[in-house]
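K.L.:
Give me coordinates for this.
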Amino acid sequence: MSFNLRNALRLISILAFTGCLSISARPSSAAVDPVNKNLLGTAMQGYDPVAYFKEGKPVKGKSEFRYEWMRAKWYFANAANRDEFAKEPTKFAPQFGGYCAWAVSRGYTANIDPEAWKIVEGKLYLNYNKDVQKMWEQDVPGNIKKGEGNWPRLIKK
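P.N.:
As a prediction, this is how the structure comes out:
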């Protein structure tokens, strides 16, 4: 196969599709913060973690309903959701610090798409995108178990 622009773009597309190409992807040797946040310190790209449980969908939070937890800024759609989170943050915060659950199951971290989510046994899991989520859903219990094994090695102590 000769190297040309078309083949290079095809390879980039494949890597992006599988979640292997991400600016935020980090190898397992690079410890990450316990919470996935942007440069401004915002967790979950500003989405309300409580809304996934109460409304069954992603809802963008508002700056007036901000709460700081684990050195991250969490945003909520309303004061009730913020207050409920403040009482019991671990009940609502996404697993694996809000990093892609499939990536963590494979031993690295990647950013997320707030639209690629699933609640499993009362816990919120996020994925890089909906295509990666489909791969993660092929073995949810196995991927959660692998992620739980990898997660302690991925985070900063």
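
K.L.:
which ones are touching residue 156?
P.N.:
With contact set as Cβ atoms under 8 Å, 6 or more residues apart in numbering, residue 156 has these partners: 31-34. Backbone N, C-alpha and C define where each C-beta goes, glycine included.

K.L.:
Let's see the ChimeraX selection covering just the buried ones among these.
P.N.:
To isolate the buried members of the contacts of residue 156 in ChimeraX, using 16 or more other Cβ atoms under 10 Å:
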select :32,33,34
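
K.L.:
mind giving me JSON lines with the contacts of residue 156 and columns for pLDDT and secondary structure?
P.N.:
What follows is those, written out as JSON lines (pLDDT from 0 to 100; DSSP: H, G, I helix; E, B strand; the rest coil):
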{"residue": "31", "pLDDT": "90", "secondary structure": "coil"}
{"residue": "32", "pLDDT": "95", "secondary structure": "strand"}
{"residue": "33", "pLDDT": "96", "secondary structure": "coil"}
{"residue": "34", "pLDDT": "97", "secondary structure": "coil"}
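
K.L.:
between the contacts of residue 156, which is closest to residue 42?
P.N.:
Using Cβ to Cβ, residue 33 comes nearest to residue 42 of the contacts of residue 156, at 12.4 Å.

K.L.:
With residue 68 as the reference, measure out to that closest one.
P.N.:
As defined by Cβ to Cβ, to the nearest Å, residue 33 lies at a distance of 14 Å from residue 68.
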